[in-house]
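>>> Okay, structure incoming, though there's no sequence with it:
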């Protein structure tokens, strides 16, 4: 009979031990799941906040191509663009398209300042490009995708 009692004790301990192991495993898995879920939720929130800021910038951005002047004698194309919105823009991140082709301006200036990269609200950006012929279309695209174009090109000698 003593052998039977020791077997019962071992079986009882085995069930308690396996229950403890299962409980510990569930606890560790829950902690890992919570950590992963919290990290993912934080990344989603950050992405949503960034998207909201970008949308606000786009809504507050407005540009207007006020003048496109082509000088035939110097082959110089001069484009003036006004920042009519409330968002400050980057000159370096502004894109110029001439006849639907990307063109890098020879010089850029904001209000006569050739060194600045900030194109604030109410200021005019001037882009100068050497072009072999008068363009048919000029388009300026701000860093956030807002664009303005002017199909009218004034040609002077």
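Structure received. Nothing here was measured: the structure is a model prediction, and the numbers come from that model.
>>> now the strands: where do they sit in this protein?
63-71, 76-83, 89-90, 95-98, 101-103, 107-110, 118-119, 124-130, 138-141, 147-150, 154-156 (DSSP state E).
>>> do you know which of those strands lies nearest residue 36?
Comparison of the strands of the chain against residue 36 by CB to CB identifies strand 89-90 as nearest, at 37.1 Å. Where you see a C-beta, it was placed from the backbone N, CA and C, and this is true even at glycine.
>>> wait, isn't residue 69 in contact with residue 77?
Yes - between residue 69 and residue 77 there is a contact under CB atoms under 8 Å: 7.4 Å.
>>> In terms of neighbours, single out the busier of the two.
residue 77 (25 against 15; other CB atoms under 10 Å).
>>> if I look at residue 71, how far off is residue 39?
Separation of residue 71 from residue 39 (CB to CB, to the nearest Å): 58 Å.
>>> Equivalent analysis for residue 141, please.
36 Å.
>>> ok, those two, which is more surrounded?
residue 141 (17 against 10).
>>> mind showing which ranges of this structure have poor pLDDT?
Within the chain, the segments meeting pLDDT under 70 span 1-13.
>>> rerun that using 90 as the cut-off
Judged by pLDDT under 90, the chain has its weakly predicted residues at 1-23, 27, 29-42, 45-55, 57, 131-133, 150-153, 157.
>>> Could you list the domains of it?
The chain breaks down into these domains under automatic domain parsing: 1-59, 63-156.
>>> Point out the most buried one among these.
Compared across these, domain 63-156 shows the largest average neighbour count, a mean of 16 (mean count of other CB atoms under 10 Å).
>>> Show the end-to-end separation of that one, please.
End-to-end span of domain 63-156 (CA to CA, to the nearest Å): 25 Å.
>>> can you check stretch 99-117 too?
Terminal residues of stretch 99-117 lie 25 Å apart, using CA to CA.
>>> do stretch 129-147 as well
One end of stretch 129-147 sits 19 Å from the other (CA to CA).
>>> Of all the strands of the chain, which one comes closest to residue 21?
Closest to residue 21 of the strands of the chain is strand 89-90 (CB to CB; 59.2 Å).
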